[in-house]
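Chemist: With the sequence up front, the predicted model follows.
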Amino acid sequence: MSHSPRCRTVLAGTVLLVPLALGGCGGSSNPLADKPYDATGQVVLSSSDEGQKADPSKPLEVRASGEDRITDVTATDGTGRYVAGELAADGSGWHSTGALAAGAHYTVRVSTEDPDGAQGRRTIGFDTSAADRLLRVNFGPQSGTYGVGQPITAELSAPVQDPAARTVIERALKVDAQPATEGAWHWVDNRTLHYRPKDYWPVHATVDVRSGLDGIKVAPGLYGGGSKPVRLTTGDRIEAVTDASAHSMTVLRNGQEIRSIPVTTGKPGYATRNGVKVVLGRESFVRMRGTSIGIAEGSDDSYDLPVYWATRVTWSGEYVHAAPWSEGSQGAENVSHGCTGMSTENAKWFFDTIHLGDIVKVVGSQGTTMTPFDNGFGDWNLSWQQWREGSALAAGKREGTGPADAARLRPQL
């Protein structure tokens, strides 16, 4: 049986591999033992215009003609990602069910069989056109070593509100921790996601963050762009717990107390925020002015002070810092405008001990609770259930459910 080339077929708007006319190549009583024949002349790639790159928004199709049938099709891009597809029951064709990536090169491998059982093979490549609009992801913080409370942030280059598009994005944002740690993304707004574990990160962990969105269709006309991965490592678990009612801070390393420090916190009207905060930065010197928090210059509460060894925990200006002017009140009463003040010696020790991403927790204050997202990293003040409700993948699902769980049989209660 010969395998003569067929004419090229064009199907507008669809990536098409056509036609596929197959036949046996004799030479063995067992056709499965024969070397598959080359079906190059019978399988061709066609798009709406000869030589043009394929439209990634259109499906990929493979068709067979005559009595031959398709037995298998695989399509992969340059990174090895497979395109999901469906084979017709009679082997007459195959079509993609997953979206193609933009600006990608694809390799399609087709296996066939003729009525006598002879096997054919054809491999063909094609390129998809670039996207009109790209969605890029900027991860934070930058690669480095952080405390165990450090959340991961993902800033999108364009707002995304559609739930289906958010699901695509969340599936593509990969966080791989060693040792393995349960965690989830949470949508802060249409352009910002935060990721945190259920509990704090393990000590001395490695966390790799990357995006698999490059070329992936997010929404009509919007495709993922390239993003720079980041790697975080964690150090010891450093926690500073301030009891505002007892005017004392306890600093722990890996659960063991390493220092107890007399402090003063916010006085009535300026009470320090309760809750868990994450260290945002350290400044050996900062000039603090009451006008920065809305206090009128010249009023009774006005101040303008040089401050040393300042550890920032909110963007609005809450610090842990040296306050030599209030040493007489430290350990006894709260007299600050919201910061946690201590002696210069203790502040220098704290400054040298604490790192970005370490945990500063306040209890026993008359103040409100630290908000989750608008004044620093208050992520840990949401319960794990509340956190999961902000995920496009986990919201409304029982904890522990995921793709792997769906494959397991579970008793019906």
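Modeler: Ah, there it is.

Chemist: drop to CA atoms for contacts and neighbour counts, all remaining ones
Modeler: Fine.

Chemist: Glu61 falls within a strand, correct?
Modeler: Yes - the assignment for Glu61, made by DSSP: H, G, I helix; E, B strand; the rest coil, places it in a strand.

Chemist: wouldn't it be in contact with Trp94 here?
Modeler: Yes - the pair Glu61 / Trp94 is scored as a contact, 5.8 Å apart, by Cα atoms under 8 Å.

Chemist: Between those two, tell me which one has more neighbours.
Modeler: Set side by side, Glu61 and Trp94 show more neighbours around Trp94, with 24 against 21, by other Cα atoms under 10 Å.

Chemist: Specify the beta-bridge partners of the more buried one.
Modeler: Counting by DSSP bridges, Trp94 is bridged to Val62, Leu87.

Chemist: can you pull the contacts of it?
Modeler: Glu61, Val62, Arg63, Ile70, Val73, Gly85, Glu86, Leu87, Ala88 (Cα atoms under 8 Å, 6 or more residues apart in numbering).

Chemist: Any of these buried? List them.
Modeler: Buried by 16 or more other Cα atoms under 10 Å: Glu61, Val62, Arg63, Ile70, Val73, Gly85, Leu87, out of the contacts of Trp94.

Chemist: So which of the residues you listed is the closest to Asn190?
Modeler: Comparing the buried ones among the contacts of Trp94 against Asn190 with Cα to Cα picks out Gly85 as the nearest, at 31.4 Å.

Chemist: Going by residue numbers, what spans are helices in this structure?
Modeler: Assigned by DSSP state H, the helices in the chain fall at 163-172, 344-353, 384-388, 403-406.

Chemist: In TSV, list those helices along with distance to Asn138 and mean pLDDT.
Modeler: Formatted as TSV, the helices of the chain follow (distance: least, Cα to Cα, whole Å; pLDDT from 0 to 100):
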stretch	distance to Asn138	mean pLDDT
helix 163-172	13	97
helix 344-353	29	98
helix 384-388	21	98
helix 403-406	27	41
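
Chemist: could you dump these to JSON lines with mean neighbour count and distance to Val207?
Modeler: Output for these, formatted as JSON lines (neighbours: other Cα atoms under 10 Å; distance: least, Cα to Cα, whole Å):
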{"stretch": "helix 163-172", "mean neighbour count": "16", "distance to Val207": "16"}
{"stretch": "helix 344-353", "mean neighbour count": "17", "distance to Val207": "22"}
{"stretch": "helix 384-388", "mean neighbour count": "18", "distance to Val207": "20"}
{"stretch": "helix 403-406", "mean neighbour count": "9", "distance to Val207": "22"}
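
Chemist: Adding distance to His204, write those helices out as a markdown table.
Modeler: Below are the helices of the chain laid out as a markdown table (distance: least, Cα to Cα, whole Å):
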| stretch | distance to His204 |
| --- | --- |
| helix 163-172 | 26 |
| helix 344-353 | 16 |
| helix 384-388 | 23 |
| helix 403-406 | 28 |
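
Chemist: How about the contacts made by the residue lying closest to Phe377 once chain neighbours are set aside?
Modeler: In this structure, Phe377 finds its nearest non-sequential neighbour in Val278, 5.6 Å apart by Cα to Cα, 6 or more residues apart in numbering. Applying Cα under 8 Å, 6+ apart to Val278 gives the contacts Gly149, Gln150, Val313, Leu356, Gly357, Asp358, Ile359, Val360, Gly376, Phe377, Gly378.

Chemist: next one: Arg282
Modeler: When contacts are counted by Cα under 8 Å, 6+ apart, Arg282 touches Trp309, Ala310, Thr311, Arg312, Phe351, Leu356.

Chemist: distance of it from Ser336?
Modeler: Separation of Arg282 from Ser336 (Cα to Cα, to the nearest Å): 19 Å.

Chemist: Tabulate the contacts of Trp94 in CSV, adding columns for pLDDT and distance to Gly298.
Modeler: Output for these, formatted as CSV (pLDDT from 0 to 100; distance: Cα to Cα, whole Å):
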residue, pLDDT, distance to Gly298
Glu61, 87, 76
Val62, 84, 79
Arg63, 81, 83
Ile70, 83, 85
Val73, 89, 78
Gly85, 91, 72
Glu86, 93, 75
Leu87, 90, 79
Ala88, 88, 81
